[in-house]
Structure formats: structure tokens, C-alpha cells
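Enquirer: no sequence for this one, just the structure:
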Ligand SMILES: [Zn+2]
């Protein structure tokens, strides 16, 4: 393998001419001086169409590339501007990075993948970037993925739920695909307007293909599903069924706990020693003794057909 193609592979770039490589010892960084191949030159940064050159822009600029082992690496190149018929004067496209991005495609993809697989501190420390940068990278990678794939295509059985963040002060409405077990949509808020936003996006035709919608007991979801998905069956999701059952059991247990001492007090006291064989039964005292030390309701586990436990809840009393 020639040096140039080896460097291309190491830096994860394509359609790129590598002019030279230098190692900046002071900054401890490998700098690869590059330029787009002739076919990739003079293209609009937004639409990629070939267009006339405008000026040299702000001169040389750098893009962070994936680290080479433990050493940081950057690409350095000219960033001329071009005149696009549709987008006006814009910085020319480069084959190694997204428009307006300071990181290469390979870097962006690695960060986006890591964000789905590891903790916040792992991503930021390993890639040596700020958490805010992780956010911008995910946004632009996702925009590309979204443009290529229709996440809402072929939805049949979906689940709608809300999750809270910022200590329960903010909410996200999320929609999952039960068949692929993937999150397909999420938006801030938890009102009927938020849910309606999803069904509007889905459109009439795809709404008609929905066969099952699981959700918690929120009435407004029922109403919207009935209006927009004529063929869908509304089902309660297992998590909430378990939670409702556990809450109900807990209430009964608390009631029994509160009543037992009062009942026990009404019953005649017994002297020391073994009770006589004709002694009256004392159900209240027995219940109080049985409940003493009881911690909570039993754990309920719901099994999905042929699958692992779906949800398990314990309620401490
Ligand atoms: Zn353009």
C-alpha cells in the first residue's frame, strides 16, 4: 500500500488528495495537508452542485480527524468560497466533512455511535470534546440519517409514552415501534398537541396501517388514536398495568396495616402462658402480628410471550 493511500485509510478520508503530513511536536498533533480531488473541487457546500469560484474565503482551516492511536490529528486545507445559483456565496464543499462542521465524517460517525453505546463522560473524555459538541455532532449525523431513511415507514404496532427529565420538570413524548423495538419519534411536551404532531407527521395513509397502539391511561391519547387511526386497537402497556396492580395492592396492604392494631385492641387480652383450648380466636392480633415487618407488595413480573421479563416493579411500603 502506498503511503498516500495508507494515510487516507488512517485518516478515514476519501476523494481527497493528501499533499503532505507533518507532526507538530509542540501541539502534539499530526497535521495532514489535504485538498479535494479535482472532481470534488468547486462544489456548493449546501447542495454539492458544481459552481463558479468566488474567492479564497478565510484562508486555511482545520478539521479534527480521528486520533491516530493516542495522538490527535487534524486535516488542514484551503476553504474557498463559491457562487451557487441557489445558495449564493457559500464555502465550497469538502469530501471529508459535512458543510459547516469542524470534524471529519469519520470523527462524527464515531462520536454519534459512542453516544448511543456509552456514558457521557466516556464520549467526552475518549474523544476529547465538550458535551455540547457531542450534541451538535449527533444533530448533523441524525439529519443525514433522517434524509436517507424514513423512520415512520411500515409502522404497525406502536407505543406512546412520556418520560421526564430535569428532575421531573420537563417532559418528552416518545413513540416506539414494538416490532423493531426502536424509538421512532420524540418531541418535547406531553400534551395532546404533542401527540397530534406525531400523527400529523405520520399522515393519513400510514395512520390507517397502524393496528395496535399501546399507551398509559391518558384519555387524550385514546381520543386522538380513535380519530386518526381507524384500524388501531388501543391497548394498555404492560408497564402501566403492573404499576396499577401494584399500587392497588399497596393501598389494600396499607389499609390492612392501619386497621389491624385497632382490631387487636378491641379483642380481650390474654394472660401469660399457653392459651386455653377453649380460648376465643383473636383474628385482629394475628393479622397485626403477620403484618409486622412486612415491607411491601410482592414483586410482579410480566412475561412477554417467549421473551424476557418486560417489567418488574416493587413498591416499598
Ligand atoms: Zn447550492
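Expert: In hand now; what should we look at? Computed from a prediction, not measured in an experiment: that's the story for all the values here.
Enquirer: burial check on the closest residue to residue 283 other than its chain neighbours, number of neighbours?
Expert: Once flanking residues are discounted, residue 283 sits nearest to residue 263: 7.3 Å by C-beta to C-beta, 6 or more residues apart in numbering. C-betas here are computed from N, CA, C, even on glycine. Per other C-beta atoms under 10 Å, the neighbour tally for residue 263 reads 16.
Enquirer: residue 263 and residue 291 touch, don't they?
Expert: No. Contact between residue 263 and residue 291 fails when scored by C-beta atoms under 8 Å: they sit 11.2 Å apart.
Enquirer: spell out which parts of the stretch 51-200 of the chain neighbour the ion.
Expert: Counting by C-beta under 5 Å from the ion, the stretch 51-200 of the chain comes close to the ion at 84, 86, 87.
Enquirer: go ahead and confirm the last one touches residue 54.
Expert: No. Here residue 87 does not reach residue 54: they are 11.5 Å apart, not a contact under C-beta under 8 Å.
Enquirer: element containing residue 145?
Expert: Element membership for residue 145, per DSSP states H and E: helix 131-148.
Enquirer: helix or strand with the lowest mean pLDDT in the protein?
Expert: When the helices and strands of the chain are scored by mean pLDDT, DSSP states H and E, strand 309-313 comes last with a mean of 42.
Enquirer: and the residue lying closest to residue 85 once chain neighbours are set aside, how many neighbours?
Expert: The spatially closest residue to residue 85, leaving aside those adjacent along the chain, is residue 51, at 6.9 Å (C-beta to C-beta, 6+ apart). As a burial measure, residue 51 scores 20 neighbours (other C-beta under 10 Å).
Enquirer: same question for residue 253.
Expert: Residue 253 has 18 nearby residues by other C-beta under 10 Å.
Enquirer: now do the same for it: helix, strand or coil?
Expert: helix (DSSP: H, G, I helix; E, B strand; the rest coil).
Enquirer: kindly report the same for the one 10 residues further on.
Expert: Three-state secondary structure (criterion: three-state DSSP) places residue 263 in helix.
Enquirer: quick one: the strands in the chain?
Expert: Secondary structure of the chain (DSSP state E): strands at 16-24, 29-36, 52-55, 60-68, 71-78, 81-84, 88-91, 157-165, 170-177, 182-188, 212-215, 233-236, 300-303, 309-313.
Enquirer: what comes up buried for the fourth one?
Expert: Which is strand 60-68. 63, 64, 65, 66, 67 (16 or more other C-beta atoms under 10 Å).
Enquirer: for the fourth one, give its distance to residue 193.
Expert: When C-beta to C-beta, to the nearest Å is the yardstick, residue 66 and residue 193 sit 42 Å from each other.
Enquirer: if we can go back for a sec, ok, the residue nearest to residue 85 - contacts?
Expert: Neighbouring residues of residue 51 by C-beta atoms under 8 Å, 6 or more residues apart in numbering: 42, 43, 44, 82, 83, 84, 85.
Enquirer: can you check the pLDDT for it?
Expert: pLDDT, residue 51: 93.
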